[in-house]
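[1] Just to be clear, the model below is a prediction. Sequence and coordinates:
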2 protein chains.
Amino acid sequence: MLVPLGPVAVFGASNFPLAFSVAGGDTVSALAAGCPVVVKAHPAHPGTSELVARAILTAARATSMPDGVFSMVQGATPEVGQALVAHPAIQAVGFTGSFRGGQALVAAAAKRPQPIPVFAEMGSANPVFVLPDALATRGDEIAKTLASSIILGSGQFCTNPGLTFVADPTDGFVKQLGTLLGESPAGTMAHAGIKRAYDEALTLVGALAGVTVAARASTHGAYADTEAQPALIVTDVPSFTTQDRLGEEIYGPASVAVRCRSEGELMNAAAQLKGHLVATVHATDKDLAANPGLLPLLARKAGRIVMNGVPTDVEVTHAMHHGGPWPATSDSRATSVGTAAIVRFARPVCFQDVPNAALPEELRDSNPRGIWRLLDGHPTREPVPSRG
Amino acid sequence: MLVPLGPVAVFGASNFPLAFSVAGGDTVSALAAGCPVVVKAHPAHPGTSELVARAILTAARATSMPDGVFSMVQGATPEVGQALVAHPAIQAVGFTGSFRGGQALVAAAAKRPQPIPVFAEMGSANPVFVLPDALATRGDEIAKTLASSIILGSGQFCTNPGLTFVADPTDGFVKQLGTLLGESPAGTMAHAGIKRAYDEALTLVGALAGVTVAARASTHGAYADTEAQPALIVTDVPSFTTQDRLGEEIYGPASVAVRCRSEGELMNAAAQLKGHLVATVHATDKDLAANPGLLPLLARKAGRIVMNGVPTDVEVTHAMHHGGPWPATSDSRATSVGTAAIVRFARPVCFQDVPNAALPEELRDSNPRGIWRLLDGHPTREPVPSRG
């Protein structure tokens, strides 16, 4: 049976002050596994964090949870987080944030005498592939859906579609996407520091060889310090494959369109991708039949494959996988969304020849809790048959 | 669905040149997950390793496996293993061996830009608890069974019972165990270096405060360089709890008996244990009723709890867990024995809105492979019901 791993350190994300912060998926899945949680509040929303922490403590008291089941530390310096990860009582770490932040926690955990798992979701560019028959059939609709997904929440989704590969001889799709983004309203980001980083990233990427900033929306200026302008960056496959930065996340409402001269060039570009959270494919049955290697290839590059939809469509379900090969996460075997997130914080214990009465309820022959169990390797909710 | 993680580096153990080396549990479970394997042969049996590697390569060709599905490197220096773990193609590491060896691989993996999981099974002392009613009822039989387990395979089992806690006012049990071990034949160890390390450990532990080497078997001398003499080391709880070395593995046919003045003292000693692979309890129903906290406590200290048996009884089954909290392993969530070992080397991929015909067989509505799957969170082998 599975038992809790022990106290878990959770690092709240900046982008979802509710869904991915103090009472977010990491905290909830650690509590569900039976682990106490110590949250390191994100310095971008200390007040919201404090309000949510107090609500959790009230709920813990109302439900007679043990003291210490939840606590939170505040602090704007990296030292606070480092000290939390280094504490010998901490047995696992959950993190959602930047690549640099995630790598720093992995490094801090590696300095401990005892290794502990670090589940760092560090974001990705989440490539989108638009195949020729889908483009011919419903290119207009794809451009509109994609533009909506790019600007959703001012582009502050981990699953934001930041890269689009399209083989489009007429260049109509890229032009349309640029027009849509250029006409989109500027959006408010979580704080001014994120907006500054977004502008810096646009400047950096725009200056790379073979890159054009094809469109950039105007801002109405009322909240210029936090308002991000949607943008489309356009490049080609040779420029993409020789400049790593083009395959990395631009945190905000921007996307890089990579013009491919052929489906073959599109496949070659896909083969050179690093790890991402999600890959999206717009394809008809004809497109899929013509490119049978694309989905198996993308299964090696991403944790989730979305067909004819948008990567920002994430749901908390049993089948969701929100994770992916490095550098999208520090552990590609783990998800931070969905019920499978719970098992990250549990470990197995085997009870061998223990008398029925001394077993935990979960393992007693009669299955008093009526749970799914493996019996000789097969799932069942039945009691263990009599051995008489 | 689960997909393979990628190439796995496997470090063969010295103690089982067949079961835990080139074609051992780590190699087999990585191959079962669909991962290519690169074995680092153990320098204590390079010839056996070469023979086994050739057998695997013959089998790979006979079954039309792809080239590169299995390979092996030899080398007696740590640099060979470090280079293997550092190679960017390697996606996971399996290791069975010493604490020092395991920690070195964890450290080598931590230096990579990409973190990878390291499953190091580093051994443990595997505590045994003999409770009063069991002692009164069948102390004689327990001593005999325990002595057999201590000398099994010259004590070269990861699960060797290296620590015994007993509350025995007459001291009869410890005396009997000492007599049995002192009369046991010396046993051949895998190589002379292991035998030397065993003798050094006995000398070191025997010199600790409050420790007596109560019995040590004689050797018949024919193979003195590899022959290990079974031994019983006796101490008390205050000496045990203040000297860490007494709770660590002595690799060979020796065990440390810790005399407890009461069941309370025995429980206190148990609470101070570090992580072990397995904990064994000899108890009657009366003993268990009198000590309801013992099994829950041991579930926090070990990966497996054996009742009225010996810890060396390990079987390759679905329910086996051969792992345990640090320092027994580097990742308490993983087992290196049993079918659950396979999932260590796999990661999930989610297919969202992918047409049935483009899905891998494992996920198609009709379930053509007839496998167990989760549907809305419930295990089933049925097809997906029509959505019409």
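    Thanks, I have the structure now.
[2] Pass me the low-pLDDT residue ranges in chain A, would you?
    A:220, A:387-388 (pLDDT under 70).
[3] how about the helices in it?
    For chain A, the helices defined by DSSP state H cover A:25-32, A:46-62, A:78-86, A:99-110, A:132-151, A:172-182, A:192-206, A:237-242, A:263-271, A:285-290, A:294-301.
[4] Which one of the ones you listed lies nearest to chain B?
    The closest of the helices of chain A to chain B is helix A:99-110. By C-beta to the nearest C-beta, the value is 3.5 Å. C-beta coordinates here come from the backbone N, C-alpha and C atoms, glycine included.
[5] quick check, that closest one touching chain B?
    Yes: contact of helix A:99-110 with chain B (C-beta under 8 Å from any C-beta of the partner chain) involves A:106-107, A:110.
[6] pretty sure A:S149 is touching A:T312, no?
    Yes: look at A:S149 against A:T312 with C-beta atoms under 8 Å: they come within range, at 4.9 Å.
[7] So these two - more neighbours on which side?
    A:S149 (24 against 20; other C-beta atoms under 10 Å in any protein chain shown).
[8] mind checking how far the more buried one is from A:A279?
    As judged by C-beta to C-beta, to the nearest Å, A:S149 and A:A279 stand 14 Å apart.
[9] A:S148 too?
    On the measure of C-beta to C-beta, A:S148 and A:A279 end up 19 Å apart.
[10] between the two, who's got more neighbours?
    The residue with more neighbours, out of A:S148 and A:A279, is A:A279; 28 against 13, by other C-beta under 10 Å.
[11] List the contacts of that one.
    Residues counted as contacts of A:A279 (C-beta atoms under 8 Å, 6 or more residues apart in numbering or on different chains) are A:126-129, A:273, A:298, A:301-302, A:304-306, A:311.
[12] Nearest to A:S255 among these?
    The closest of the contacts of A:A279 to A:S255 turns out to be A:V128 (C-beta to C-beta; 8.1 Å).
[13] where exactly do the strands run in the stretch 251-388 of chain A?
    For the stretch 251-388 of chain A, the strands defined by DSSP state E, counting those that start in this stretch cover A:254-260, A:276-282, A:302-307, A:346-348, A:350-352, A:373-375, A:378-380.
[14] could you dump the residues of helix A:99-110 next to chain B to a markdown table with distance to A:E248 and neighbour count?
    Listed next are the residues of helix A:99-110 next to chain B as a markdown table, based on distance: C-beta to C-beta, whole Å; neighbours: other C-beta atoms under 10 Å in any protein chain shown:
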| residue | distance to A:E248 | neighbour count |
| --- | --- | --- |
| A:V106 | 18 | 20 |
| A:A107 | 19 | 15 |
| A:A110 | 23 | 17 |
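[15] of those residues, closest to A:S154?
    For those, the nearest to A:S154 is A:V106 (28.2 Å; C-beta to C-beta).
[16] Is the closest one in contact with B:P113, as I believe?
    No: checked against C-beta under 8 Å, the pair A:V106 and B:P113 is beyond contact range at 10.2 Å.
[17] Straight-line length of stretch A:344-363, end to end?
    21 Å (C-alpha to C-alpha, to the nearest Å).
[18] Kindly apply the preceding question to stretch A:257-265 instead.
    End-to-end for stretch A:257-265, by C-alpha to C-alpha: 14 Å.
[19] and what of stretch A:347-359?
    Note: stretch A:347-359 ends 17 Å apart using C-alpha to C-alpha.
[20] quick one: buried residues of it?
    Within stretch A:347-359, the residues that qualify as buried are A:347-352, A:354, A:358-359, counting by 16 or more other C-beta atoms under 10 Å in any protein chain shown.
[21] Show me which pair in those is furthest apart.
    Largest separation among those by C-beta to C-beta: A:R347 and A:A358, giving 20.5 Å.
[22] Dump the strands of the stretch 251-388 of chain A into CSV; add distance to B:A120 as well.
    Shown next, in CSV, are these (distance: least, C-beta to C-beta, whole Å):
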stretch, distance to B:A120
strand A:254-260, 41
strand A:276-282, 29
strand A:302-307, 26
strand A:346-348, 15
strand A:350-352, 19
strand A:373-375, 26
strand A:378-380, 30
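[23] Point out the most buried one among the ones you listed.
    strand A:276-282 (a mean of 28; mean count of other C-beta atoms under 10 Å in any protein chain shown).
[24] The nearest residue to A:S149 once chain neighbours are set aside and chain B: what is the separation?
    The shortest distance from A:S149 to any residue other than its chain neighbours is 3.7 Å, reached at A:V310 (C-beta to C-beta, 6 or more residues apart in numbering or on different chains). Between A:V310 and chain B the distance is 10 Å, computed by C-beta to the nearest C-beta, to the nearest Å.
[25] Number of residues surrounding A:V310?
    Quick note: A:V310 (other C-beta under 10 Å) scores 23 neighbours.
[26] Might one say that it is in contact with A:T164?
    No: the pair A:V310 / A:T164 is not scored as a contact, 11.4 Å apart, by C-beta under 8 Å.
[27] Mutual contacts of these two, please.
    A:L146.
[28] Give me every residue in the stretch 101-250 of chain A lying close to chain B.
    A:106-107, A:110, A:114-115, A:117-118.
[29] change it to 7 Å
    Counting by C-beta under 7 Å from any C-beta of the partner chain, the residues of the stretch 101-250 of chain A close to chain B are A:106, A:110, A:114-115, A:117.
[30] Can you say which two of those residues are spatially most distant?
    A:V106 and A:Q114 (14.7 Å).
[31] what about stretch A:253-272 and chain B, touching?
    No: using C-beta under 7 Å from any C-beta, stretch A:253-272 never reaches chain B; the gap is at least 14.4 Å.
[32] Next, the distance between the ends of that stretch.
    24 Å.
[33] which residues touch that stretch?
    A:129, A:132, A:150-151, A:154-155, A:161-168, A:174, A:177, A:187, A:202, A:228, A:230-237, A:240-241, A:246, A:291, A:293-294, A:297-298 (C-beta atoms under 7 Å, 6 or more residues apart in numbering or on different chains).
[34] Show me which of these are buried.
    Of the contacts of stretch A:253-272, these count as buried by 16+ other C-beta under 10 Å: A:129, A:132, A:150-151, A:154-155, A:161-168, A:174, A:177, A:187, A:202, A:228, A:230-237, A:240-241, A:246, A:291, A:294, A:298.
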